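Participant: Could you work out the structure for the sequence below:
(2 chains)
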There are 2 protein chains.
Amino acid sequence: MSSAAGSQGQFSALDVGTLGKRLENIAAIAERVGPDSSRWTVREVGDGNLNLVFIVEGPKGSVVAKQALPYVRLVGESWPLPLKRSFFEYHALVRQERRAGVGTVPAIHHFDEAQALIVMEYLSPHVILRRRLIEGVKLPKIGRDLGLFCARTLFRGSDLCMPTRERKQDVALFADNVELCDITENLVFTDPYFEAELNRHTSPQLDGIVAELRADRDLKVEAQRLKHLFAAKAETLLHGDLHTGSVMVTETDTRVIDPEFAFYGPIAFDVGMLLANFWMSFFSQPGHETKAGEREDMRAWLLGVAEEIWATFRAEFAHLWRTERNGILYARSVFEDRGDSLGAEQALNAVISNIWTDLLGFAGVECHRRILGLAHNADFESIADPDRRAACERPALRFGRQLAVARGSLHSIDEVNELARIIARVHTA
Amino acid sequence: MSSAAGSQGQFSALDVGTLGKRLENIAAIAERVGPDSSRWTVREVGDGNLNLVFIVEGPKGSVVAKQALPYVRLVGESWPLPLKRSFFEYHALVRQERRAGVGTVPAIHHFDEAQALIVMEYLSPHVILRRRLIEGVKLPKIGRDLGLFCARTLFRGSDLCMPTRERKQDVALFADNVELCDITENLVFTDPYFEAELNRHTSPQLDGIVAELRADRDLKVEAQRLKHLFAAKAETLLHGDLHTGSVMVTETDTRVIDPEFAFYGPIAFDVGMLLANFWMSFFSQPGHETKAGEREDMRAWLLGVAEEIWATFRAEFAHLWRTERNGILYARSVFEDRGDSLGAEQALNAVISNIWTDLLGFAGVECHRRILGLAHNADFESIADPDRRAACERPALRFGRQLAVARGSLHSIDEVNELARIIARVHTA
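Facilitator: So this is what the prediction gives:
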């Protein structure tokens, strides 16, 4: 990896014509793609909302170049967004690779802070996990890989493991990621619960339930308490946007991408957001059936993935608790060093129990914002018929409400999966 | 106030001989003390553990000069402690005065970052609150003043009130106060619960109960959960060391001093630590009686102060909630702006309820660390007879244990005061 330092002049947005010249003199890139950019093929493939993404192919190989723009790409210059999100993405990728292992995120070949440009591994033949789920494709490794990724990045980025001086420095570093936090704070936790300007939903089909949810005092209070938790609990370095659109997969490989929302927040946030996206996929499956019942198997598999993610997370978190609990929290000096390893286990249960209860809340609001807010997900959006789409979205909204408000009385992933099945059944009947 | 910027060369520790020359050319100081330092009287009066404190008197008036040393004064150069704690104290004082009002902290006349020197208002005839409590003196304003101070500084330093960009910048600024946090993290939350080298306690009188507490698994787990909360919940700018030794008083004036432990942590921490010191004073009073029952009145008054602090805090916090809730949390757009002010009240109840439950936990560990850890307090320490002292300390330890472990089932300050009375009575009987 080449040096991350050293600005290369004023920012200018790249295009397929200028990219080659910009990159051909960087040894780490020329090595991978081949010298002489006139022999490279550059394609712009960014289909996200925020950034430019180029695939650069040459005689020796390929890389991806991702460049931030000083505004939200989808909306244009009227919605400015700082280039420094690229800086946070770079620093998050470095930490995630260290914590979760090489091959869990794209390898980085080059970072240019001034150009807000990250050149990284071209993942091929990977596709976005969400797309596969919409297609009804089962991926055998995904539950275990994502459970491990969460446990390792979230445990190792916290005071459970890191030297606290380093953690505090990291808290300070990522505290500057204000604008992307602001997006989460508003779009996830607040806008869905009132008639915010950027909201939209399948209308008029969902008008009734939307009005009901926005008048639901208990739900609004819980959503705001979850926002409080998100904003105040600087527990670990989050991915910050860990949904099935932030994962690229093959049958045998799983990579987590796009951590530009990285921020110190509660462990439960990443896990809850991730699980919510599998549960939403569960609710969306009937909308993709070409004949009734065709996706039953897929739906059962999705609930199984949720179960596997949580079981893997819990097992790995417990393993790290027992083997790498070297931070300032739950010090061994008070437990194991005094022959009280059961005390450490009791504390572990308390910590996991808190993560569990909180993640259900975060999962609940994630279900709502994807259906009521600005940033919908393709699981539902790609169901063209609005009646059919609404029929999938409605139970997901009910499910989210129950998770957010009644999370204190849901004690296992089985109970939550059962709740999903029951709500889906009631709405189908 | 003169500029806070501008280092004046390499740090050198001041003494009564050099202080005058250093300060006489600073307009803000010369104005207050008078020109020509040869006519000044300088006394070193620091009785704390960490710093140099000078009183500077001249023909026009007086100031206090507080200088940090690069080590812990009490221990010497073998325990280094960075000068930057002075920088955090300065920034905390500025914020506290803005949030709680002029006259709640000492006015600052001059700050020299490189010399780790704060020149501030000389508070006279103020004395340290703890000394007054040991003497059995009642102070009519203290409950209300401290309740207001806590509510205003803690509410206004959080995302309930501040623009979140500013709060995040402040989180980053104070995240560098690593060494002083480290003192709290170790001395308050960990060391008391095992045989740490720096610990001491009244021995052999307390040996039995100390062994019992250190073998108490539930207590240890709770203490570590509270540490987790302290380290991870960057909710508001704390004073960080708000005990009765950090308050200077007259009959009519209350000033909070020494916020060098300032850090973003949970609202409940300052309030809990403060209340614990009144409860410890309650338990210590019999040790200061010259005849039995002499301090009964004082003891009742102390429990009344605890009640008044909490009632004032709660009322003022609720008032600010209704009038200054301008931050990103519990947004009006979801509640009042939709005619749902009751929703905001429900959320307020949830927030206060959490603060309450957590503050009892922090109060519990504060009781322990003052009796079992390194930094004891004069309330107990000034009881010369170790049997008498231990007789006061023992119920305080039991009380602390109950607060830390059973805080979820204590719902009002009355119940806690009643618990204090019962435990004191059992131990006297």
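Participant: Show me the shaky parts of chain A.
Facilitator: A:1-9, A:48, A:429 (pLDDT under 70).
Participant: one more time with 90, if that's ok
Facilitator: Chain A contains residues with pLDDT under 90 at A:1-10, A:46-50, A:72-79, A:426-429.
Participant: can you list the domains in it?
Facilitator: Structural domains assigned to chain A are A:19-121, A:127-428, following automatic domain parsing.
Participant: Is chain B within reach of the longest helix seen in chain A?
Facilitator: Longest helix of chain A, by residue count under DSSP state H: helix A:341-372. Yes: under the criterion of Cβ under 8 Å from any Cβ of the partner chain, chain B is reached by helix A:341-372 at A:342-343, A:346-347, A:350-351. For the C-beta atoms, the positions are set from N, CA and C on the backbone; glycine is no exception.
Participant: Do a quick rundown of the helices in the stretch 301-429 of chain A.
Facilitator: Listed in chain order, the helices of the stretch 301-429 of chain A (DSSP state H, counting those that start in this stretch) span A:341-372, A:378-381, A:386-406, A:413-428.
Participant: possible to save these as a markdown table with mean neighbour count?
Facilitator: A markdown table is the format used below for the helices of the stretch 301-429 of chain A (neighbours: other Cβ atoms under 10 Å in any protein chain shown):
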| stretch | mean neighbour count |
| --- | --- |
| helix A:341-372 | 22 |
| helix A:378-381 | 20 |
| helix A:386-406 | 22 |
| helix A:413-428 | 16 |
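Participant: Now do the contacts for residue A:44.
Facilitator: With contact set as Cβ atoms under 8 Å, 6 or more residues apart in numbering or on different chains, residue A:44 has these partners: A:15-16, A:52-54.
Participant: Now the buried members of the residues you listed.
Facilitator: Neighbour counting by 16 or more other Cβ atoms under 10 Å in any protein chain shown classes A:52-54 among the contacts of residue A:44 as buried.
Participant: could you pick out which of those are near chain B?
Facilitator: Near chain B, by the rule Cβ under 8 Å from any Cβ, you find none of the buried ones among the contacts of residue A:44.
Participant: measure residue A:277 to residue B:268 for me?
Facilitator: Applying Cβ to Cβ, to the nearest Å, the value for residue A:277 to residue B:268 is 34 Å.
Participant: Verify the stated contact: residue A:237 with residue A:170.
Facilitator: Yes: using Cβ atoms under 8 Å, residue A:237 is in contact with residue A:170, at 6.3 Å.
Participant: Spell out which residues are contacts of both of those two.
Facilitator: Counting by Cβ under 8 Å, 6+ apart, the shared contacts of residue A:237 and residue A:170 are A:95, A:157, A:264.
Participant: residues near the closest residue to the second one other than its chain neighbours, how many?
Facilitator: The shortest distance from residue A:157 to any non-neighbouring residue, by Cβ to Cβ, 6 or more residues apart in numbering or on different chains, is to residue A:237 (3.7 Å). With neighbours defined by other Cβ atoms under 10 Å in any protein chain shown, the count for residue A:237 comes to 28.
Participant: Please state the backbone phi and psi of residue A:237?
Facilitator: Main-chain torsions, residue A:237, degrees, to the nearest 10: phi -80, psi 110.
Participant: Quick check: it vs chain B, distance?
Facilitator: 12 Å (Cβ to the nearest Cβ, to the nearest Å).
Participant: What of residue A:88?
Facilitator: Distance, residue A:88 to chain B, using Cβ to the nearest Cβ: 13 Å.
Participant: Same question for residue A:126.
Facilitator: Separation of residue A:126 from chain B (Cβ to the nearest Cβ): 34 Å.
Participant: Burial check on that residue, number of neighbours?
Facilitator: Counted by other Cβ under 10 Å, the residues lying close to residue A:126 total 18.
Participant: dump the residue contacts of it.
Facilitator: The contact partners of residue A:126, by Cβ under 8 Å, 6+ apart, come to A:248-250, A:253, A:255.
Participant: if you compare the domains of chain A, which one is most tucked away?
Facilitator: Each of the domains of chain A was assessed for mean neighbour count using mean count of other Cβ atoms under 10 Å in any protein chain shown. The highest is domain A:127-428, with a mean of 20.
Participant: okay, how far is it across it, tip to tip?
Facilitator: Separation of the first and last residues of domain A:127-428 by Cα to Cα, to the nearest Å is 31 Å.
Participant: Spatially nearest residue to residue A:173 (excluding sequence neighbours)?
Facilitator: Excluding the flanking residues, the one nearest residue A:173 by Cβ to Cβ, 6+ apart is residue A:91, at 6.8 Å.
Participant: so where does that neighbour fall, helix or strand?
Facilitator: If you go by DSSP states H and E, residue A:91 is part of helix A:85-100.
Participant: If you count contacts, what does that helix end up packed against?
Facilitator: strand A:62-68, strand A:108-112, strand A:117-121, helix A:142-156, helix A:164-174, helix A:178-183 (3 or more Cβ pairs under 8 Å, 6 or more residues apart in numbering or on different chains; DSSP states H and E).
Participant: The same query, at a cut-off of 6 Å, please.
Facilitator: Helix A:85-100 sits against helix A:142-156, with contacts defined as 3 or more Cβ pairs under 6 Å, 6 or more residues apart in numbering or on different chains; DSSP states H and E.
Participant: Compute the inter-axis angle for the helix it packs on and helix A:341-372.
Facilitator: Interaxial angle of helix A:142-156 relative to helix A:341-372 (axes from the mean of the first three to the mean of the last three Cα atoms, to 10 degrees): 120 degrees.
Participant: report the angle between the axes of helix A:142-156 and helix A:85-100?
Facilitator: Going by the same axes, to 10 degrees, helix A:142-156 makes 100 degrees with helix A:85-100.
Participant: Give me the residues contacting helix A:142-156.
Facilitator: Here helix A:142-156 makes contact (Cβ atoms under 6 Å, 6 or more residues apart in numbering or on different chains) with A:96, A:99-100, A:104, A:161, A:236, A:254, A:256, A:267, A:270-271, A:305, A:308-309, A:312-313, A:316-317, A:320.
Participant: next one: stretch A:326-338
Facilitator: For stretch A:326-338, contacts defined as Cβ under 6 Å, 6+ apart pick out A:159-162, A:164, A:343-344, A:347, B:185, B:190, B:193-194, B:220, B:224, B:228.
Participant: Mind checking which of those residues are in helices?
Facilitator: If you go by DSSP H, the contacts of stretch A:326-338 have A:164, A:343-344, A:347, B:220, B:224, B:228 in helices.
Participant: Point out the residues in the stretch 251-400 of chain A that sit beside chain B.
Facilitator: Counting by Cβ under 6 Å from any Cβ of the partner chain, the residues of the stretch 251-400 of chain A close to chain B are A:328-331, A:333-334, A:338, A:343, A:346-347, A:350.
Participant: Understood, closing this out.
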